[in-house]
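Trainee: structure for this input, please:
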Amino acid sequence: MKTSKKKDPRWWEQEPLMVYETHLSTLPGFSPENNWQSRTDPAIEVDVIKAVHAPQTHLLHVIPGHLSNQFCYFKSDKFKEQRRDYLAAYLKKSRKAGYRTFIYFNVHAIKPAFGADYPEWRQVRYNGTPIDDIYGIETSFCVNSPWRDWVRDVCLDLCKYPIDGIFFDGPCLFWNCCYCEQCKKLYREKYGTDMPPKEAGHPELKKLARFQAEALGNFIGYCNQAVKSVRPDVALYSNAGSREEPYYVVGRNNRVQIKDQDILAAEGGFVYGALSTQPVWKVGSNAKYYQTQAGGKPTGVFNSSAHGPWRSYALTDAEYLLAMVQAPIHGSGVWGSGFQWRKDQPVFPKIAWHYQFFYDHRDVYFKTRSKARVAIVWPEDSINFYGKPQVLHGDFTQGGQKGETVGDISEEFDGFYDALIKSHVPCDIIDEESVRSENISGYDLLVLPNVGCTGKAFDDRLQDYVCGGGNVIGSFETSLCDENGVRRADLSLSDVFGVRMLRTPLKPYPHFYFFKQPAWKDVFIGINPPLLPSPLISTEVALAGAKVVSPFSRKFNGWDGSEILPSEFPAITLNEFGKGRAVYLAGVFGGQFWTYKQMDIRLVLRNLYYLLSRRDVMLENAPTTVEVTHRQTGDGAREVVSLINYTGGLTRPFESIQTLEDIKVKVRTTKKTARGLVRKAKLPAKRSDEWLNISLPRLDLFETIVLE
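Mentor: The predicted model follows:
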């Protein structure tokens, strides 16, 4: 069904990465500690992977899940005891079943007994003590220690088997680590100074973060080079950094480490805590972001069915299937997992259907490129180095507390991105490096959600982009800091935005409202109230060439609205800069929408998106709970428009997805016909000038429309 048994070098670049991992250790009598591999039939595991139609799997059970050198289940003299060769027995059956096998290799959590055997390999805290509290009791080894040779040798032993890949879970250099003698020596050789503490806001933090990211990359590359020297057909990749994780914390900088591995994949679909506070589009957004950082290499999103912290309790079927479809629709691979009893649950055949569907249509979903005309910047440098300021206090700032910090980047991004999804605007997610050094000329609009740390290279490229005809929306303290988080008195993009910073940040009452302005009809389409709720955290700027789209209100006394008048301080400005336009939002408008979900804030953002970018896909009779993507196959022969339906219950977790009917899809295209992949049918399509008008009779979980 799936993959050829022939070992093609770099096979992972030729087929979609759709991995399913099952956990036998949840069966009665199959504890990780009771040597079950020595007596069980591998067909138990093989049959599950075959039934779920996954082209690849992770094999968990031949190296202890949390790393120990006590025993293993394959032939290797790096372990004290070699038990039954479960790997050989497993591969004999899995190869016949037709799927590929990655070996799971945990390289971040080390059992205490292993650490006791090699104390000089352990990661060391800044205070000189070895780390001993990973998952409560475990240690971790340093990638700069001789342990790297031990890991390399285990990889070479694995390559003697007909495996297809090795997956490193980790590596990491944990919080307040590593300050072992080898790390300190290497750091001094590189920078000529002692290693600084790993503390947010430290002036040397950026150098330390780079040093640790390169150390992790070198470790992965050291092992990968050895693997490729004997088995060029074996892929090696690690558990990369999630978008929301500041890379200085554990050293995982995807831009650095992708150079030394074959695939970029991370836990972008793991769910912890209350779903009501989390975006339903999380997996898709991470799929987009990993592709930005992968440098053209394959990507994947790890998609756990568990509702953490309860690992043995699964999400609802609707939630898990929504997560499952997002990564492939956005051109990425997907990894799913389930305990052994998962195969007996009603959702399992649905999971299997999706694996089969996306594999069967791999020519439509994989090796495609985005046709989005809008990109939003996830400010990765800023979440690492942006120093959140203290609130300025004045007559009416009683809402703030002394020492309070403001400017949450995640909330600001989530609000702007959520408004893009709800406005049916196909968009990409890029980072600061994309702006500094990659091609951004294909975008009509760049959205900068409090991108606090920019720097000269970023500023110069953005200035050229806008001057040449591109448009930009920036909010709050965008460009107020340099790359290291050092705050300036003014925005470095002041000329582009046409404003000058006076005071920042203010919370909350100097500017409690902003105004609907009849002179700017395009910005206020669909908005009725004359007074709109201002973000509770704002800035005060003076005009330096820009026009006022909407002013903040003045300070006022009382709450009856009788003294709410425009102030001299703008809430929204628009500046014509060269051939392009720049909108500045003087506050955390994204965070305001994300926190309060106020419709009129969403409409302001929607109208700005529409004003500053060309719309190539439009939906009619579709609620805001439908996401739309616009992609193109590598040869340009087909365009691909996908719709994801997030119409669930009143709150999450969704227990079902509501079917939508009679959606109209308009695409600006030269293609002539449309067919629905899920419906397996040609769709009614009628041309009107440059638009193809398509009728979609029904939308369940998702649909993909192929235009030819």
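Trainee: mind listing what's buried in stretch 551-571?
Mentor: Residues of stretch 551-571 classed as buried: 551-554, 556, 564, 566-567, 569-571 (neighbour count, 16 or more other CB atoms under 10 Å). In this view, the C-beta of every residue, glycine as well, is placed from N, C-alpha and C.
Trainee: ok now it, how far from the chain's centre?
Mentor: Stretch 551-571 sits 39 Å away from the centroid of its parent chain (CA atoms, centre = their mean, to the nearest Å).
Trainee: now stretch 582-591
Mentor: Put simply, stretch 582-591 sits 23 Å off its chain's centre (CA atoms, centre = their mean).
Trainee: can I get the CA coordinates of that stretch in CSV?
Mentor: This file holds the C-alpha atoms of stretch 582-591, laid out as CSV (Å, rounded to 0.1, in the frame of the first residue of the first chain):
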residue,chain,number,x,y,z
ALA,A,582,2.1,51.4,7.2
VAL,A,583,-0.5,51.2,9.9
TYR,A,584,0.5,51.6,13.5
LEU,A,585,-1.8,50.5,16.3
ALA,A,586,-0.9,52.3,19.5
GLY,A,587,-1.7,49.5,21.9
VAL,A,588,-2.0,45.8,22.3
PHE,A,589,-4.9,45.4,19.9
GLY,A,590,-4.2,41.8,19.3
GLY,A,591,-4.1,41.0,23.0
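Trainee: ok, V256 - how many residues close by?
Mentor: 21 (other CB atoms under 10 Å).
Trainee: oops, could you answer that again for E13 instead?
Mentor: So E13, with other CB under 10 Å, has 15 neighbours.
Trainee: what's the answer for N621, then?
Mentor: Neighbours of N621 using other CB under 10 Å come to 12.
Trainee: apart from its chain neighbours, what residue comes closest to E120?
Mentor: Closest residue to E120 apart from its sequence neighbours, by CB to CB, 6 or more residues apart in numbering: S145 at 6.8 Å.
Trainee: wait, that neighbour sits on K185?
Mentor: No - the pair S145 / K185 is not scored as a contact, 11.5 Å apart, by CB atoms under 8 Å.
Trainee: out of the two, which sits in the busier spot?
Mentor: S145 (20 against 12).
Trainee: and L701, what does it touch?
Mentor: 321-322, 325, 644-645, 657 (CB atoms under 8 Å, 6 or more residues apart in numbering).
Trainee: can you check which helix is longest in the protein?
Mentor: helix 205-230 (DSSP state H).
Trainee: give me the buried positions along that one.
Mentor: Buried residues in helix 205-230, defined by neighbour count with 16+ other CB under 10 Å: 205-224, 226-228.
Trainee: where do the strands sit along the stretch 451-600 of the chain?
Mentor: 471-475, 499-506, 513-515, 531-533, 538-543, 547-553, 566-577, 580-585 (DSSP state E, counting those that start in this stretch).
Trainee: residues in contact with the longest one?
Mentor: Contact with strand 566-577 is made by 463, 466-467, 495-499, 502, 510-511, 514-515, 523, 534, 538, 540-541, 543, 545-555, 581-587, 604, as judged by CB under 8 Å, 6+ apart.
Trainee: using CSV, list the CA coordinates for stretch 339-357.
Mentor: Extracted C-alpha coordinates of stretch 339-357, given in CSV (Å, rounded to 0.1, in the frame of the first residue of the first chain):
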residue,chain,number,x,y,z
PHE,A,339,-2.0,3.6,23.9
GLN,A,340,-2.6,0.0,22.9
TRP,A,341,-6.3,0.2,23.9
ARG,A,342,-6.8,3.1,21.5
LYS,A,343,-7.3,0.5,18.6
ASP,A,344,-10.5,-0.7,20.3
GLN,A,345,-12.0,2.8,20.5
PRO,A,346,-14.6,4.1,18.0
VAL,A,347,-12.1,6.9,16.9
PHE,A,348,-9.5,4.4,15.6
PRO,A,349,-11.1,3.7,12.2
LYS,A,350,-11.5,7.4,11.7
ILE,A,351,-7.8,8.0,12.4
ALA,A,352,-7.0,5.2,10.0
TRP,A,353,-9.2,6.8,7.3
HIS,A,354,-7.4,10.1,7.6
TYR,A,355,-3.9,8.4,7.4
GLN,A,356,-5.1,6.6,4.2
PHE,A,357,-6.8,9.7,2.8
